[in-house]
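Visitor: Prediction below, plus the sequence it came from.
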Amino acid sequence: MRSLQEIQSCGSGVSLRGVVRRALSCACCAVWLFGALPALAQHEGHEPKEAIGAVPRELLDRPLALRQGIGKVHEAVTTSSAEAQAFYDQGLAYLHSFVWIEAARSFHQALRLDPSLAMAYLGLSDGYVGLQDMPTALAAFEKAQTLAANASERERARITIRARQWDYLQDGGNLQKYFAYRRAITDALAATPNDPWLWILRGFADEGTATAHGQGGDVDTIAFYETALKLSPDNFAAHHYLAHTLENRGPLKEALEQSEIYVRMAPAIPHAHHMHGHDLRRAGRTEEAIQEFLKAEELENEYYRAENIPAALDWHHAHNLQLLGLSYEALGQMKSAEGAYQKAFSLPTYTDFADYNRKAWPEFLLDRNQAQEALAAAQELVNSRWAMARFAGHALAGRSLLASNHMEDAKTELSLAERESEQISTAVLKSLVDGVLLRAEILLREKNWTEGNRLMEEIEKDIAAVPGPDAWSEALFQFEYIARLARELGDWELAERTARKMIQHDPSYAGGYFALGLVAEHQGDAPTAKHEFATAEKLWSKADANLQSPKVQNP
């Protein structure tokens, strides 16, 4: 194994630019996970609350049994109760698969068996972050601090790491606090370099945000997760986070291998199947991807029934349905895609990013030339309690109105979207193209070709640059919308450029070849058009009947 100094230099002589870049990356690729966090100033004490975020406290306090198939992990903690240790390990396993509710239940069960277990409170604090309740997360951490005197030196180092992490969380723009947080992990590694959990935390720290949880990694974090695996080869959590990093940075083949290991080690975890599914989708193995998304949904539904838990309380459920819808859409199976999108749209949401992501349904309706239905769905987003969803709602309402030739009303929606954007952080707003896409479409419809094309070119670069498999899937249909709009408006240069980008982005998608065939047909190049249409028809072989011929979609 390489020395600590070698890993540190490989993984992070992190520059200011690197920290900022990963902060933006996390904002883009993990939008469904953490959302906008409430101010820590809301915390007023340790008194119990009726709910943790949106989840009823009663649910999180429910006893549970030890489970199988969720991934086996172990971290020795200071307790005289073997059963408390087992439930702590179970909480750790759920925590590292983002199953926040069951992680909290497991840590609570460990504390019923050993109320002095400081590490269970530390685990609870992490779980409550995932449940969107920062004040309660802070209260759990403070309880861990009060119990630190009876904990081991290694455990006290972990509590110190969390203390520095909270400092940085409360002042996320302060790089000195970031470096203090990272230094706390480095100091702990110097004392116990063979602790795989510390190497995983070191990978988290290199994502550059206080709430990082293994999804915003870049080339820097690979060495940390690989080191954890050398120390603990069967550590599914390290495989999970390495898969996320490789999804962001590639190569895809290695990401696919890691997600396959993850699902093999944790077959009862929906997120494991979901992760493997979106890696399969990116590899062009879309039918296999759909089966993994369906397996994730099956496991979720079994869990909701068995534990009497509303599906809407599980952040993962709508997210999985949206990726399922994107996969069906990629195969041209629009009826199935419609069912998945509509089901996800109908679920109540409890965070800003989750509500924002409901825009997948009105976007799908626009793709299907159902402008009035898209407008109605967009107006539901306009009535959201969160600025991000309202922003998307106004932008989509504007695009729907343009499709019905209501230019002035669309401009009004653009102004409203821009007003809502003022309430969204700059880091997050950089990854959201909704408003600028509406502006570009207005420019093109007004025949301002120079400015409209310049803006569309910037949008396409931004779309392609957002890391992660979810953004990759969404980008394909954003490209397709632009190509269809360009053809409708007679901007054949933009139509050809975007069609080629679609094929480059996803060579397995029929729609790119179909779009290029339409361009060739317009140019009078019959042989090329015939070839592209034939390729599209072959790739749409499993599509709905009315999509068997690519010509059906010709505007």
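Guide: Sure thing, it's come through.
Visitor: my read: residue 469 touches residue 279, true?
Guide: Yes - contact criterion CB atoms under 8 Å: residue 469 and residue 279 qualify, at 6.6 Å. Every C-beta, even on glycine, is put in place using the N, C-alpha and C of the backbone.
Visitor: Mutual contacts of those two, please.
Guide: Shared contacts of residue 469 and residue 279, defined by CB atoms under 8 Å, 6 or more residues apart in numbering, are found at residue 247.
Visitor: So if I had to pick from the two, which one is more boxed in?
Guide: Taking other CB atoms under 10 Å, residue 469 and residue 279 do not tie; residue 279 has more neighbours (28 against 25).
Visitor: count of residues packed around residue 91?
Guide: Considering only other CB under 10 Å, residue 91 is surrounded by 28 other residues.
Visitor: swap in the one 5 residues further on?
Guide: Residues contacting residue 96 under the criterion other CB under 10 Å number 26.
Visitor: Show the pLDDT at it.
Guide: In this model, residue 96 is scored at 97, pLDDT.
Visitor: quick one, what contacts it?
Guide: Contacts for residue 96 (CB under 8 Å, 6+ apart) come out as 71, 73, 214, 236, 237, 240.
Visitor: is it possible to export those to CSV including pLDDT and distance to residue 529?
Guide: Below are the contacts of residue 96 laid out as CSV (pLDDT from 0 to 100; distance: CB to CB, whole Å):
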residue, pLDDT, distance to residue 529
71, 97, 51
73, 95, 56
214, 84, 46
236, 97, 49
237, 97, 51
240, 97, 45
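Visitor: so which of the residues you listed is the most crowded?
Guide: For these, the largest neighbour count, defined by other CB under 10 Å, is 29 neighbours, found at residue 240.
Visitor: how close does that one get to residue 215?
Guide: 10 Å (CB to CB, to the nearest Å).
Visitor: Name the nearest residue to residue 161, ignoring sequence neighbours.
Guide: Distances taken as CB to CB, 6 or more residues apart in numbering place residue 184 nearest to residue 161, at 4.5 Å, with adjacent residues excluded.
Visitor: Surely that neighbour is in contact with residue 166?
Guide: No - with contacts counted by CB under 8 Å, residue 184 stays clear of residue 166, the gap being 11.2 Å.
Visitor: can you map out the strands along this structure?
Guide: Ranges of strands in the chain, per DSSP state E, are 51-52, 55-56.
Visitor: Out of those, the one nearest residue 161 is which?
Guide: strand 51-52 (22.7 Å; CB to CB).
Visitor: For that closest one, which strands pair with it and how are they oriented?
Guide: Strand 51-52 has the following strand partners under DSSP bridges: strand 55-56 (antiparallel).
Visitor: contacting residues around the strand it pairs with?
Guide: For strand 55-56, using CB under 8 Å, 6+ apart, the contacting residues are 50, 100, 101, 131, 313.
Visitor: burial measure for the nearest residue to the first one once chain neighbours are set aside, as a count.
Guide: Leaving aside its sequence neighbours, residue 50 sits nearest to residue 57 (CB to CB, 6+ apart; 5.6 Å). By the criterion of other CB under 10 Å, residue 57 has 14 neighbours.
Visitor: got it, and residue 161?
Guide: Neighbour tally, residue 161, other CB under 10 Å: 23.
Visitor: Contact partners for the nearest residue to residue 62 once chain neighbours are set aside?
Guide: Leaving out its chain neighbours, the residue that sits closest to residue 62 by CB to CB, 6+ apart is residue 105, at 6.0 Å. Counting by CB under 8 Å, 6+ apart, residue 105 makes contact with 59, 60, 61, 62, 63, 64, 91.
Visitor: 7 Å instead?
Guide: Residues near residue 105 by CB atoms under 7 Å, 6 or more residues apart in numbering: 60, 62, 64.
Visitor: for residue 326, same thing?
Guide: Neighbour list for residue 326: 473, 474 [criterion: CB under 7 Å, 6+ apart].
Visitor: Could you measure from the closest residue to residue 389 other than its chain neighbours over to residue 380?
Guide: With sequence-adjacent residues excluded and distances taken as CB to CB, 6+ apart, residue 389 is closest to residue 355, at 3.8 Å. For residue 355, the distance to residue 380 (CB to CB) stands at 10 Å.
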